[in-house]
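Colleague: Next comes the sequence, and after it the predicted model I'd like to discuss.
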Amino acid sequence: MNTDNKVQATRRSFLKTSAMVMTYMVAGKAVMLTPAAAHAAQMPMKILSALEVSTLETLCEAIVPGSRSAGIAAFVDYQLAEKPRDALLMGRYLGLEPPFSPFYQQGLAAAHQAALKQFDRPWSQLNESQSKSLVDQMFTDAIPNWSAAPASFLFFVWRADACDVVYGTQSGSEAIGMPYMAHIAPSDKWLSAKERQK
């Protein structure tokens, strides 16, 4: 198995068996949360600004409905803060050079600027029709004066990350009528590191 195949297998195995559990320090204790739980708990971001979070959430929600509540921003932020070799972001598997933060942040800045130029408001304040229009333009590289990696490439990366968060869990698979076939099904209850040691 070559290195690329090992990386892909590692990512698929993680997504299937862990439901994307992330470890946070809360009051000095390690707590394991899914991206959805981290979103619901409003865990602080390590890399992304509030504007970047709102842009990413709204943009991904337009591409993959349900990605906001599934924790797309928590997932991306957490993975950006990881060592590059441990990150599970799609960009890594497409050969992006680390660090990955500039790629994501420059793309979000370009998306924000596109919303301001076309509709005079940030992406998070666009209505569904406006958001869909910009997403369609991203998909076809039709946004004028785009100032980041090609918009269609960013669209592909963000869609893949959002799909992983929304459909990479047991409930997400069931929502689209696809059997969840993880080698080891994750527990319904996520335990803290201390609880797991008992």
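Modeller: It's in. Numbering: from 1, shown residues only.

Colleague: give me phi/psi at Val26?
Modeller: phi -130, psi 120 (degrees, to the nearest 10).

Colleague: what's downstream of the longest helix seen in the chain, the next helix or strand?
Modeller: For the chain, the longest helix by residue count, based on DSSP state H, is helix 101-119. Note on helix 101-119: by DSSP states H and E, the next helix or strand toward the C-terminus is helix 128-139.

Colleague: Quick one: list the elements packing against that following helix.
Modeller: helix 50-63, helix 101-119, helix 151-167 (3 or more Cβ pairs under 8 Å, 6 or more residues apart in numbering; DSSP states H and E). The C-beta positions use only the backbone N, C-alpha and C, and glycine is treated the same way.

Colleague: okay, stretch 139-154 in PDB with CA atoms only?
Modeller: What follows is stretch 139-154, C-alpha atoms only, in PDB (Å, rounded to 0.1, in the frame of the first residue of the first chain):
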ATOM      1  CA  PHE A 139     -18.900  26.100  -8.700                       C
ATOM      2  CA  THR A 140     -18.300  27.500 -12.200                       C
ATOM      3  CA  ASP A 141     -15.500  29.900 -11.300                       C
ATOM      4  CA  ALA A 142     -17.700  32.800 -12.300                       C
ATOM      5  CA  ILE A 143     -17.200  35.200  -9.400                       C
ATOM      6  CA  PRO A 144     -15.300  38.200 -10.800                       C
ATOM      7  CA  ASN A 145     -12.000  39.300  -9.100                       C
ATOM      8  CA  TRP A 146     -11.800  36.200  -6.900                       C
ATOM      9  CA  SER A 147      -8.700  36.500  -4.800                       C
ATOM     10  CA  ALA A 148      -7.900  33.000  -3.500                       C
ATOM     11  CA  ALA A 149      -7.400  29.500  -4.800                       C
ATOM     12  CA  PRO A 150      -9.900  28.700  -7.600                       C
ATOM     13  CA  ALA A 151     -13.400  29.000  -6.300                       C
ATOM     14  CA  SER A 152     -14.400  25.700  -7.800                       C
ATOM     15  CA  PHE A 153     -11.600  24.000  -6.000                       C
ATOM     16  CA  LEU A 154     -12.600  25.600  -2.700                       C
END
